[in-house]
Each structure stands twice: as structure tokens, then as C-alpha cells.
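Asks: just coords:
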């Protein structure tokens, strides 16, 4: 839900380029969809910013940058931990190598010795 003043300002700006009331409504609806599409990949950041803004009421540029950096770092860490857990599950599900890895390496490396 947008504050009333934001809607008023959006309508005023749309009226500068639109010739009818229907065009204003269509233009604003299009802008709403475009904004949502642009922000959707960053939903986690938008949610974090929303929560912190509701608590603190204001944020400066450095605080916003720090929050975005923190969210991105946590997301990257979570992805890496999931990747490692998946790799570990795959390792455990593999059958053991016959004869052990060292004997296999010796057999395949032997013809190349000088």
C-alpha cells in the first residue's frame, strides 16, 4: 500500500506526459509492474530494508550500504553451505572405489613414469 502523497505525486508526474485520465491510470499501472519486476530479484534486500526502516524510521546511505552488504553476505554464505552439504551427501552416496584410490592411482600413473 502506497502513502497518499506518493500516489498524488505519481499522478501529477503522469499527467505531464499523458493526455487522458485513462492514460494516467494505464501509465501508473505499467510503472507499478515495471518497479515490481525490477525489485523482485532483490526481495530479500527489500524486506530487510523495510523491517529496519520500520524500526529505525530513517537510514543514511552508509547504513543502507551496510545492510545490503550484510544481506548479500548472508545469502552467499547460505548458498555455499547448501552447496557443501549437497556435495557431502553426494560423496556419501558414492560406492567405494575398488582397491582403494592409491592403488588405482599407481596403476594409472605407472605407464607414465620415466
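Replies: Everything's here; your move. Note that the structure is predicted; figures quoted are calculated from it, not measured.
Asks: how close does residue 94 sit to residue 87?
Replies: Separation of residue 94 from residue 87 (CB to CB, to the nearest Å) stands at 11 Å. From N, CA and C alone the C-beta is placed, and that goes for glycine too.
Asks: the two: who's more crowded?
Replies: Ranked by neighbour count (other CB atoms under 10 Å), residue 94 and residue 87 place residue 87 first, with 10 against 7.
Asks: if you count neighbours, what's buried in the helix or strand in which residue 90 is found?
Replies: Here residue 90, judged by DSSP states H and E, is contained in helix 61-93. Going by neighbour count (16 or more other CB atoms under 10 Å), the buried part of helix 61-93 is 67, 71.
Asks: residue contacts, residue 17?
Replies: residue 27 (CB atoms under 8 Å, 6 or more residues apart in numbering).
Asks: ok, now how distant is it from residue 48?
Replies: 34 Å.
Asks: distance of the most centrally placed residue in the chain relative to residue 72?
Replies: For the chain, residue 42 is the residue whose C-alpha lies nearest the centre (CA atoms, centre = their mean; 4.7 Å). Per CB to CB, residue 42 is found 10 Å from residue 72.
Asks: could you do residue 34 as well?
Replies: Relative to residue 72, and taking CB to CB, residue 34 is found at 23 Å.
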